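>>> A structural model of the following input is requested.
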Amino acid sequence: MKTSSLFSRGLAVAAVLSVASACGTAQRKAMETERLLAAAGFQMRMQDTPEEATDMAGLPQREIFHHQRDGEMYFVYADQEYCKCIYVGTPKAYQRYEKMAIEQKIARAQLSAARAQQSAALSWGAWGPWYRPWY
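Just a heads-up that it's a prediction; the model follows:
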């Protein structure tokens, strides 16, 4: 087999893996957002009919936006790709969501800093050199 053919196949595999990884990351982020929305008090409504699917397709996907209905303000999050549902919440539920999202971001930053500090504090000298040539 030619080297260029192997290289081409390697590039194709790398491209497929990077796309799959990006899809996994997008789905993970959507699931995380949906968990926070539910915890904040948003109500989930499943897409049950073809008419609802058509209506949902016209909404911004995986973004929180506000909507007025009968003089009341609501916040809506639509996800037609993964959960095939919408989340609807009041302004108070949206405030709780925002607070929880900020708290989660701070917790992640603190965890990352703690891991970095722990790694820096580890005395690698006690383990000896990483590589010893045997010649």
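
>>> list the buried residues in the longest strand seen in the chain.
Longest strand of the chain, by residue count under DSSP state E: strand 72-79. Neighbour-count burial for strand 72-79, with 16 or more other C-beta atoms under 10 Å as criterion, is recorded at 74-79. Yep, even glycine has a C-beta here, placed from its N, CA and C like the rest.

>>> of all these, which comes closest to residue 62?
Nearest to residue 62 among those, counting by C-beta to C-beta, is residue 79 at 5.5 Å.

>>> identify the residues contacting that closest one.
Residues in contact with residue 79, defined by C-beta atoms under 8 Å, 6 or more residues apart in numbering, are 30, 34, 61-62, 85-86.

>>> one more time with 7 Å
30, 34, 61-62, 85 (C-beta atoms under 7 Å, 6 or more residues apart in numbering).

>>> what does residue 120 show for phi and psi?
Backbone torsions of residue 120, given as degrees, to the nearest 10, read phi -70, psi -30.

>>> any idea how far it is from residue 114?
Using C-beta to C-beta, to the nearest Å, one obtains 11 Å as the distance from residue 120 to residue 114.

>>> and the strands in the chain?
With DSSP E, the ranges of strands along the chain come out as 43-46, 64-69, 72-79, 85-89.

>>> what mean pLDDT does the longest strand of the chain have?
For strand 72-79, mean pLDDT rounds to 95.

>>> okay, which residue is most central for this protein?
For the chain, the residue sitting closest to the mean C-alpha position, by C-alpha atoms, centre = their mean, is residue 29 at 1.1 Å.

>>> for residue 71, see how far away the closest residue to that one other than its chain neighbours is.
Taking C-beta to C-beta, 6 or more residues apart in numbering as the measure, residue 29 lies nearest to residue 62, with 8.0 Å between them; neighbours along the chain are not counted. Applying C-beta to C-beta, the value for residue 62 to residue 71 is 27 Å.

>>> between those two, who's got more neighbours?
For residue 62 versus residue 71, neighbours defined as other C-beta atoms under 10 Å are more numerous around residue 62 (16 against 5).
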